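In: Here is my input, please return the structure:
(one chain, ligands or ions: 2)
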Amino acid sequence: MFKTLDDLDPEQRVLVRLDLNSPVEDGDVQDNRRFDRHAETVRELAEAGHRVVLMAHQGRPGGDDFVSLEQHADILASHIDRDVGFVADTYGDDAIAAIDALDAGEVLLLENTRMCDEELPEEDPEVKADTEFVQSLAEHVDAYVNDAYSAAHRSHASLVGFPLVLPAYAGRVMQTEYEANSAIATREFDGQVTMVVGGTKATDVIDVMNNLGEKVDQFLLGGIAGELFLRAAGNDVGFDLEGMDFFDDQWEENRETIESLLDERGDQIKLAVDLAYEDETDDRGEIAVANITEKDRAYLDVGSMTVDEYDPIIRDSEAVFVKGALGLFEDERFAVGTTGVLRAIAETDCFSVVGGGDTSRAIEMYGMDEDDFGHVSIAGGAYIRALTGAPLAGVEALQQD
Ligand SMILES: Nc1ncnc2c1ncn2[C@@H]1O[C@H](COP(=O)(O)OP(=O)(O)O)[C@@H](O)[C@H]1O
Ligand SMILES: O=C(OP(=O)(O)O)[C@H](O)COP(=O)(O)O
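Out: Numbers count the residues shown, from 1 in each chain. Ligands and ions are numbered 1, 2, ... in the order given. This next block holds a predicted model:
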């Protein structure tokens, strides 16, 4: 495990890595649950009287969303009800002067870490610890806190360099995400463990099945990934709408693996029994998979009979994990599968984790209460890595003493 804020000495100058990476629309940074979650860690540190220096990234160089963190400071301030100062510098003289000027309980956000050349190349922690970026900031603080679980799969300077040169602690988001997302691999559950898998990437689903096949009793499939499994089971599905390229490459690359998974784990894998499509009048139409005779249309959701089959399995489960949506839920007509399983989870007392950036968005889009779920992850790439047993560089860096 790692040390947490409970182990931090009083009155520290603390350098804290958050993940405030957010959607940016027409240059405007959009508020989202990452701010709300990290607010807990920042508020706790400020209220305890520490001097709080925050680091975060936004986008990648060259992208439209590669912008300054100035707006992030204001959004974060609104979540913690106290000022968040901002300095447009990552580790130069201006940044250092602002850090040195902090009083107890004050909060300062530094500029986008990815504006510093030493941040991004994926390198070993030892190399990152040796950078001017890490060495300069480390001289002006007493401790490092990593709260950025959702960026912990990156071996970037602000995530893996500091634990080698400063006493390092996990923030509250890091702690909660790590515990919940590792639970499926590390916890023993008495009853049935169910995993809902969908989304667009077949390899995610394959990797999850390969890694968690012994832990999970039932995999409930949907989405594009589920359709690829239906195709491997002999059904004429997998039609790409114009401008989309979900099926052909994935089919070529994964067909054999999917066929052998169906062979080896067929008893554990539940596939959709009906699918939904856009009919001639732009309404939702549904068809039983058994009645599909031609690959002539795109399916955008699992059907209602499938939801009726999945619902009791979820209600009988001791733990349910969700990775990926069962349909194109952003369009209300095709949200039946995704909201159906989420509602079943919300209405039962099972231990539950819902992850994946897109899937977890369905919870707020359709007015569900986050408190009805065990844990709603703010991680995308890091969540799938946790489920597939891949290491997280940022977590490993925190765990070494
Ligand atoms: N049948 C489908 N057709 C088109 N898009 C789909 C379909 N099923 C799921 N999706 C899309 O998959 C996205 C989620 O995929 P993915 O990125 O794999 O999961 P997550 O973001 O939850 O990790 C959703 O935004 C949803 O619109
Ligand atoms: O938003 C993030 O990851 P996610 O898109 O997997 O949720 C993280 O901030 C990591 O960002 P990156 O994928 O640009 O390294």
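
In: Show which residue of this structure lies farthest from the average position.
Out: Distance from the centre of the chain peaks at Thr293, with 37.4 Å (CA atoms, centre = their mean).

In: Wait, that one touches Asp236, no?
Out: Yes. Counting by CB atoms under 8 Å, Thr293 does reach Asp236; the two are 6.6 Å apart. Heads up, the C-betas are built off the backbone N, CA and C, glycines and all.

In: Enumerate the residues of the stretch 101-250 of the chain near ligand 1.
Out: Contact residues, the stretch 101-250 of the chain versus ligand 1 (CB under 6 Å from any ligand atom): 198-201, 223-224.

In: Try it again at 5 Å.
Out: 199-201, 223 (CB under 5 Å from any ligand atom).

In: can you list those residues in CSV and add neighbour count and distance to Asp142?
Out: Listed next are these as CSV, based on neighbours: other CB atoms under 10 Å; distance: CB to CB, whole Å:
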residue, neighbour count, distance to Asp142
Gly199, 21, 42
Thr200, 16, 44
Lys201, 20, 42
Gly223, 32, 47
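
In: Taking these together, which two end up most distant?
Out: Lys201 and Gly223 (9.1 Å; CB to CB).

In: Next one: Leu212 from Thr176, what distance?
Out: Distance of Leu212 to Thr176, given as CB to CB, to the nearest Å: 21 Å.

In: scratch that, Ala151 is what I was asking about
Out: 15 Å.

In: Look at those two and report which has more neighbours.
Out: Ranked by neighbour count (other CB atoms under 10 Å), Ala151 and Thr176 place Ala151 first, with 25 against 19.

In: Show the contacting residues for that one.
Out: 17, 19, 21, 57, 159, 382, 394 (CB atoms under 8 Å, 6 or more residues apart in numbering).

In: gap between it and Arg60?
Out: Taking CB to CB, one finds Ala151 at 12 Å from Arg60.

In: So what touches the longest helix along the chain?
Out: What stands out as the longest helix in the chain, according to DSSP state H, is helix 248-265. Helix 248-265 is contacted from outside by 201-203, 206, 209-210, 213, 219, 224, 228-229, 231-233, 238, 240, 269, using CB under 8 Å, 6+ apart.

In: Taking these, please make a ChimeraX selection of just the buried ones.
Out: The buried subset of these, as determined by 16 or more other CB atoms under 10 Å, is captured in ChimeraX by this line:
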select :201,202,206,209,219,224,228,229,231,232,238,269
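
In: and the helix-or-strand element of the chain with minimal mean pLDDT, what does it pack onto?
Out: Least confident helix or strand, the chain: helix 357-365 with a mean of 88, by mean pLDDT, DSSP states H and E. Contact partners of helix 357-365 among helices and strands, from 3 or more CB pairs under 8 Å, 6 or more residues apart in numbering; DSSP states H and E: helix 336-346.

In: do that again at 10 Å, thanks
Out: helix 33-47, strand 317-323, helix 336-346, strand 351-355, strand 375-376, helix 381-387 (3 or more CB pairs under 10 Å, 6 or more residues apart in numbering; DSSP states H and E).

In: closest to Asp308 out of those?
Out: Closest among the helices and strands packed on helix 357-365, using CB to CB: helix 336-346, at 8.5 Å.

In: can you give me the angle that closest one makes with helix 357-365?
Out: If you take axes from the mean of the first three to the mean of the last three CA atoms, to 10 degrees, helix 336-346 sits at 70 degrees to helix 357-365.

In: any idea how far Ser150 is from the residue of the stretch 201-350 of the chain at minimum distance from ligand 1?
Out: The stretch 201-350 of the chain approaches ligand 1 most closely through Gly223 (3.4 Å), counting by CB to the nearest ligand atom. Separation of Gly223 from Ser150 (CB to CB) stands at 21 Å.

In: What of Glu332?
Out: 28 Å.

In: Do a quick rundown of the helices in the chain.
Out: 33-47, 70-80, 93-100, 125-129, 132-138, 172-186, 202-212, 223-232, 248-265, 304-315, 336-346, 357-365, 381-387, 393-399.

In: Deepest-packed of those, please.
Out: helix 223-232 (a mean of 26; mean count of other CB atoms under 10 Å).

In: And the helices of the chain: which comes nearest ligand 2?
Out: helix 381-387 (3.2 Å).
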